[in-house]
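Undergrad: sharing a model prediction with you, sequence too.
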Amino acid sequence: MTSICVRDLHKRYKSRDGEVPALVSVDLDVKEGEFVTIVGPSGCGKSTLLYILGGFIGADEGRIEVEGKAVSLTRREWAVLECLSLNIGRVVAKDRLLQAIANWDEDIGANAIEVYVSRLRTKLGGSAPIRTVRGLGYRLDDTAG
């Protein structure tokens, strides 16, 4: 059985000169109990791929399945998860999460963060326990412990 399945994964970074592709159409299968080594020259996207699989940064496009369950997130869901993942165990204020998704040209409703956090909880289940800290914000708990 495949534990991790990645299909058509893309990630671009913005620079002063435009967008720089870090990952283009990456496919990967990791079977249960299998050890995998990712090798390549500096700048080829090894760390970017691992950061995306770890939930530390979001992908721009693509599909990820973990133990047969699709983990398909929108760009804003990835942005919220990335912000929470960079602050594991710490409360992230709602305003900070709004800043993470506000760089798109669309208007953002007052309850946008609640909507995206709810979607993340549904899509990720118990693999990413996001806690509401009333009056303060949200916290992603460390599941390693």
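TA: On my side now, so go ahead. Numbering: from 1, shown residues only.

Undergrad: can you count the residues close to the nearest residue to residue 69 once chain neighbours are set aside?
TA: Closest residue to residue 69 apart from its sequence neighbours, by CB to CB, 6 or more residues apart in numbering: residue 125 at 7.7 Å. Just so you know, the C-beta spots here come from the backbone N, C-alpha and C atoms, and that holds for glycine as well. A total of 12 residues lie near residue 125 under the criterion other CB atoms under 10 Å.

Undergrad: one more: residue 111?
TA: Neighbourhood size, residue 111 [other CB under 10 Å]: 9.

Undergrad: pLDDT score for it?
TA: Model confidence at residue 111, given as pLDDT, is 86.

Undergrad: related to what we said a few turns ago, where does the residue nearest to residue 69 sit: helix, strand or coil?
TA: helix (DSSP: H, G, I helix; E, B strand; the rest coil).

Undergrad: gap between it and residue 70?
TA: 12 Å (CB to CB, to the nearest Å).

Undergrad: what's the overlap in contacts for the two?
TA: Shared contacts of residue 125 and residue 70 (CB atoms under 8 Å, 6 or more residues apart in numbering): none.

Undergrad: can you tell me how far residue 140 is from residue 86?
TA: For residue 140, the distance to residue 86 - CB to CB - is 9 Å.

Undergrad: what sits up against the lowest-mean-pLDDT helix or strand in the chain?
TA: Here the helix or strand of the chain ranked lowest by mean pLDDT, DSSP states H and E is strand 69-71, holding a mean of 73. Contacts to strand 69-71, defined as CB under 8 Å, 6+ apart, come from residues 63, 64, 65, 123, 124, 125.
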